[in-house]
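Chemist: here is my input; please provide its structure:
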Amino acid sequence: MSALRSCSARAAVAHRAGQPLSVEEIELDEPGPHDVLVRMAASGVCHSDLSVLNGTIPFVFPTVLGHEGAGVVEAVGGAVTRVQPGDHVVLTWMPPCRHCFFCLAGQPMLCENGLTAALGGNYASVGGTRLVRGLGTATFAERTLVPEGGAVAVDSSVPLELAALVGCALTTGVGAVWNTAELRPGTAVAVIGCGGVGLSVVQGARLAGASQIVAVDPVPAKLEMAEAMGATAGIDGTGDVAAAVRALTGGRGADTVFEVVGRPETIRSAFDAARRGGDVVLVGAGAPDAEVRFNAMELFLSGKTIKGCVYGSTDPDRDFPVLIEAIRSGAVDASALVSRRVALEEINDAFSAMEAGTVARSVIVFDQ
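Modeler: Next up is the predicted model:
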């Protein structure tokens, strides 16, 4: 055990929605007995962070965002038992409490206390102003301070810039296939939206033995990436998606459709692209005021099941080590998800590239 103390770090601070991030020196709090100080090695730049910055997801400012990260434990509080200094860890924005109704019901991704613990507690300030630990982990910084349950120790043989993707993209995407859909071999699948999470869905479906994996995206380069990762066909997302999926699946539609965008029009397309009696898994995070219209008769006659998917229905203590092993063994190609490696100072450029649709994932790599 190593004694914790307050310290400083460079971080990308978001002062308000609609403004670029600024790299500033922040002061981390003096940690408590259940806190873990992590020196960040890498952080993926996820669309959920962009959704906070553009106001789609309501949040509190000023904040340090970033929720897909990995690093090395520098110090731990006196009551911490899960990790120790020197451990390689992947951070989770949903640390399960293990005693609420949902945790005991086997749904730790819905924990009643986890998100409160991740967002609250000790964190940091900038220029005397309190900061919120953005999306639970605040990985857009050289160091971060998280509650004990927010750090999961992993195999140190896997490069941390790849391990970082387990914090969100791989866990959400592969988890949606394995945990939420419980996909069976031979299933015909469509994946609407082929960013980092959607491409992880493609890889999860391939590993689950899907017979067809139809990738849908308006960006040709992303369809090429999807096919390289296991998709059997690619569809231009600007056309009639449902008709194109039906044409590739015997006129019926896909057995399971994964929507990985979070917009009403793509959710509607996902429903229409599923066969009668099929499943629609909603993976993308949408705006709270975005509404999708269905009529009662089609819901009744179609026999389709619509499933919400929070964080890939994941238990981080159970699933993070499994995904790390899948990366180590080559079963999951995490490196193929990394389009760009950037410095912290290039964070705004990374968001611009995301908005332009030119990358699957930009990954911030910190000096170690």
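Chemist: where does the stretch 201-350 of the chain have low pLDDT?
Modeler: Nowhere does the stretch 201-350 of the chain drop to pLDDT under 70.
Chemist: show me the protein divided up by domain.
Modeler: Domain assignment for the chain, taken from automatic domain parsing, gives 7-167+338-365, 173-310.
Chemist: tabulate those domains (JSON lines), appending mean neighbour count and distance to residue 316.
Modeler: (Each C-beta comes from the backbone N, C-alpha and C, glycine too.) Formatted as JSON lines, the domains of the chain follow (neighbours: other C-beta atoms under 10 Å; distance: least, C-beta to C-beta, whole Å):
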{"stretch": "domain 7-167+338-365", "mean neighbour count": "20", "distance to residue 316": "4"}
{"stretch": "domain 173-310", "mean neighbour count": "20", "distance to residue 316": "10"}
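Chemist: tell me which of those lies nearest to residue 331.
Modeler: Nearest to residue 331, of all the domains of the chain, is domain 173-310, at 6.2 Å by C-beta to C-beta.
Chemist: quick check: end-to-end length of the closest one?
Modeler: 10 Å (C-alpha to C-alpha, to the nearest Å).
Chemist: where's the closest residue to residue 52 other than its chain neighbours relative to residue 132, distance?
Modeler: In space, and not counting its chain neighbours, residue 52 is closest to residue 59: 4.6 Å by C-beta to C-beta, 6 or more residues apart in numbering. Noted for residue 59: a distance of 8 Å to residue 132, by C-beta to C-beta, to the nearest Å.
Chemist: before we move on, what about residue 70?
Modeler: Residue 70 is 21 Å from residue 132, by C-beta to C-beta.
Chemist: and for residue 36?
Modeler: For residue 36, the distance to residue 132 - C-beta to C-beta - is 18 Å.
Chemist: if we can go back for a sec, does the residue nearest to residue 52 count as helix, strand or coil?
Modeler: What DSSP: H, G, I helix; E, B strand; the rest coil gives for residue 59 is coil.
Chemist: hang on, it packs against residue 134?
Modeler: Yes. Using C-beta atoms under 8 Å, residue 59 makes contact with residue 134 at a distance of 7.3 Å.
Chemist: circling back: out of the domains of the chain, nearest to residue 318?
Modeler: Across the domains of the chain, closest to residue 318 is domain 7-167+338-365 (C-beta to C-beta), at 8.7 Å.
Chemist: end-to-end on that closest one?
Modeler: Domain 7-167+338-365: ends 20 Å apart by C-alpha to C-alpha.
Chemist: repeat that for stretch 124-140.
Modeler: One end of stretch 124-140 sits 13 Å from the other (C-alpha to C-alpha).
Chemist: again with stretch 228-240
Modeler: Using C-alpha to C-alpha, first and last residues of stretch 228-240 are 24 Å apart.
Chemist: circling back: mind listing the shared neighbours of residue 59 and residue 134?
Modeler: residue 52 (C-beta atoms under 8 Å, 6 or more residues apart in numbering).
Chemist: by contact count, what packs against the lengthiest helix in the chain?
Modeler: Longest helix of the chain, by residue count under DSSP state H: helix 316-329. Packing partners of helix 316-329 (3 or more C-beta pairs under 8 Å, 6 or more residues apart in numbering; DSSP states H and E): strand 88-91, strand 151-153, helix 160-163, helix 169-175.
Chemist: so where do the helices sit in the stretch 201-350 of the chain?
Modeler: Secondary structure of the stretch 201-350 of the chain (DSSP state H, counting those that start in this stretch): helices at 220-228, 241-248, 264-273, 296-302, 316-329, 347-356.
Chemist: export those helices to TSV and tack on distance to residue 77?
Modeler: Shown next, in TSV, are the helices of the stretch 201-350 of the chain (distance: least, C-beta to C-beta, whole Å):
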stretch	distance to residue 77
helix 220-228	42
helix 241-248	50
helix 264-273	43
helix 296-302	50
helix 316-329	19
helix 347-356	29
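Chemist: so which of these is nearest residue 140?
Modeler: Of these, nearest to residue 140 by C-beta to C-beta is helix 347-356, at 6.3 Å.
Chemist: the helix or strand that comes right after that closest one pairs with which strands, parallel or anti?
Modeler: Heading C-terminal from helix 347-356, the first helix or strand you meet, by DSSP states H and E, is strand 362-365. Sheet pairing of strand 362-365 (DSSP bridges) gives strand 35-45 (antiparallel), strand 340-342 (parallel).
Chemist: quick one: closest of these to residue 278.
Modeler: Comparing the strands paired with strand 362-365 under C-beta to C-beta, the one sitting nearest is strand 35-45, at 30.8 Å.
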